[in-house]
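> Predicted model follows, preceded by the sequence.
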Amino acid sequence: MSRPVQARRLEGIDKNIWVEFVKLAATYSKVNLGQGFPDFPPPDFLTEAFTRALGGQNHMLHQYTRAFGHPPLVTVLAQFFKKLLGRDLDPMTNVMVTVGAYQALFCCFQALVDEGDEVIIIEPFFDCYEPMVRMAGGTPVFVPLRPNPPKDGKLMSSADWQLDPAELASKFSERTKAIVLNSPNNPLGKVFSRGELGLIAELCVKHDVLCISDEVYEWLVYDGKQHIRIASLQGMWDRTVTVGSAGKTFSVTGWKVGWVVGPDRLLQHLRTVHQNSVYHCATIAQEAVAQGFQRELRLYGKPESYFVQLPKELQQKRDWLVQSLDGVGMKPIIPEGTYFLVADISQFKSDVPDVPNSDEPYDYRFAKWMIKSKGLAAIPLSAFYSEAHKNNYTNFIRFCFAKEEATLKAANEILQKWKQEKTSS
Ligand code: PMP
């Protein structure tokens, strides 16, 4: 029984932050601002569409649909993205439906990355990019967003975290196959500017590199900022796969409906992976999401549109959490997008008991201690960095603010009580 049972491709990727922190939050937390999902209900029009699909006359909605995407869903996605990208799209070849954005990403890496290929990942990053690149046989090459100190004692913004253009350029080589872009970015909430995207695009074109653009938070952008799609920039359509998620778009993360949009020359290979792994996604969920998009297409840009209302509501929630955290000295970095917020915990070192002989980073110790002793769950930021760089970013934790008013109030109460204890001790 000495032969290893696991495939070599799993070596070194078996540890996962979510397994540990989801369990800790479930066991100890009173208020869970850790994992990224809303605790408020999805819009009625979407759940009604699901119920109609489930109980309606068309019993074929209980069976397999087209493997690469239910026809009504790929059709409306093609119409919607035509508007957003300014180009005609063929629903059958330029769009594919996946089991959430997770599977979309998996298809991208499996289909496009070979043994020995390098894939550039911008730090901090949604943690699954690195193991997915490695499972495909590729080598991740990391480039960090570097924080610039804010001016005049103001709170930092996610826009203060920027790529160093020379450093970014230095990561592109003959071995570079792709770059992963995530805008708006989880965990920072950074919305990449046209200038930043232009720089990335220029390097992709110059070095003939593909772009895997994870845009699952495309509608969650605040303060009048605009989300720019890198596929719409010159020279980028043919080399970009854009990834989206109904989970984030319509606040239904449990439905696991995602998609990719891109040129057939790339998507044909993603279809091969999809065909030979998952094959198919739940028909009823696809039908309901299709109806959701049909509604949003009719209401595009109008005040009743969910894509207009949701960011408005979330901006208000963001501002509440910013205030609560700032009030206790946990300096928030104001996110321009997403439903995440990163806060600086460097002022709290004396609160957290030292663990002798532990090499666990401060943010991990802090987050675990906060869950257990304060009942408030958040995620350590260094989990979103590579092994080589994580020790440089251990003074931050990430909160999710896609929560009911009552949840955010309960978080505020915990923080206020904590502040009182600190001032009286
Ligand atoms: N990309 C990013 C940046 C995410 O934050 C998430 C979910 N947390 C996903 C992809 C996965 O999305 P889905 O739930 O649709 O699989």
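Nice, thanks for sending it over. Numbers count the residues shown, from 1 in each chain.
> distance of residue 301 from the ligand?
When CB to the nearest ligand atom, to the nearest Å is the yardstick, residue 301 and the ligand sit 24 Å from each other. C-beta coordinates here come from the backbone N, C-alpha and C atoms, glycine included.
> and what of residue 358?
The spacing between residue 358 and the ligand, counted by CB to the nearest ligand atom, is 28 Å.
> Now stretch 54-73: buried residues?
When neighbours are counted by 16 or more other CB atoms under 10 Å, the buried residues of stretch 54-73 are found to be 61, 65, 68, 69, 70, 72, 73.
> measure the fifth one to residue 37 for me?
Taking CB to CB, to the nearest Å as the criterion, residue 70 is separated from residue 37 by 24 Å.
> do the same with the second one
In this structure, residue 65 and residue 37 are 26 Å apart, going by CB to CB.
> May I have the predicted confidence score for residue 1?
pLDDT recorded at residue 1 is 67.
> Show the pLDDT at the residue of the stretch 201-350 of the chain found nearest the ligand.
Nearest residue of the stretch 201-350 of the chain to the ligand (CB to the nearest ligand atom) works out as residue 245 at 3.2 Å. Reading off the per-residue confidence, residue 245 sits at a pLDDT of 98.
> Same question for residue 264.
Here the pLDDT value assigned to residue 264 is 98.
> and this protein, which residues reach the ligand?
36, 100-102, 126, 182, 186, 214, 216, 245, 247, 253, 258 (CB under 6 Å from any ligand atom).
> Now with 5 Å, please.
Taking CB under 5 Å from any ligand atom as the criterion, the chain approaches the ligand at residues 36, 100, 101, 102, 126, 186, 214, 216, 245, 247, 258.
> Break down the protein into its helices, ranges please.
With DSSP state H, the ranges of helices along the chain come out as 17-28, 44-55, 71-85, 100-112, 129-135, 165-171, 194-207, 246-249, 264-275, 283-298, 306-327, 362-374, 405-424.
> Highest mean neighbour count out of those helices?
Mean neighbours per residue, mean count of other CB atoms under 10 Å, is largest over the helices of the chain for helix 246-249, with a mean of 26.
> Provide the contact partners of that helix at residue level.
The set of residues that contact helix 246-249 without belonging to it, under CB atoms under 8 Å, 6 or more residues apart in numbering, is 37, 100-101, 216-220, 252-259, 285, 289, 292, 307.
> how about a cut-off of 7 Å?
Under the criterion CB atoms under 7 Å, 6 or more residues apart in numbering, residues 100, 216, 217, 219, 252, 253, 255, 256, 257, 258, 289 lie in contact with helix 246-249.
> returning to what we had before: save the helices of the chain as TSV, and put in distance to residue 339 too.
TSV is the format used below for the helices of the chain (distance: least, CB to CB, whole Å):
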stretch	distance to residue 339
helix 17-28	16
helix 44-55	18
helix 71-85	21
helix 100-112	15
helix 129-135	19
helix 165-171	27
helix 194-207	21
helix 246-249	8
helix 264-275	27
helix 283-298	18
helix 306-327	6
helix 362-374	18
helix 405-424	12
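> quick one on the thing from earlier: farthest-separated two in the contacts of helix 246-249?
Across the contacts of helix 246-249, the two members that end up farthest from each other (CB to CB) are 219 and 256, 18.2 Å apart.
> hang on, the earlier thing: format the residues of the chain next to the ligand as JSON lines; extra columns: distance to residue 281.
Shown next, in JSON lines, are those (distance: CB to CB, whole Å):
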{"residue": "36", "distance to residue 281": "21"}
{"residue": "100", "distance to residue 281": "9"}
{"residue": "101", "distance to residue 281": "12"}
{"residue": "102", "distance to residue 281": "12"}
{"residue": "126", "distance to residue 281": "20"}
{"residue": "186", "distance to residue 281": "22"}
{"residue": "214", "distance to residue 281": "18"}
{"residue": "216", "distance to residue 281": "16"}
{"residue": "245", "distance to residue 281": "12"}
{"residue": "247", "distance to residue 281": "12"}
{"residue": "258", "distance to residue 281": "8"}
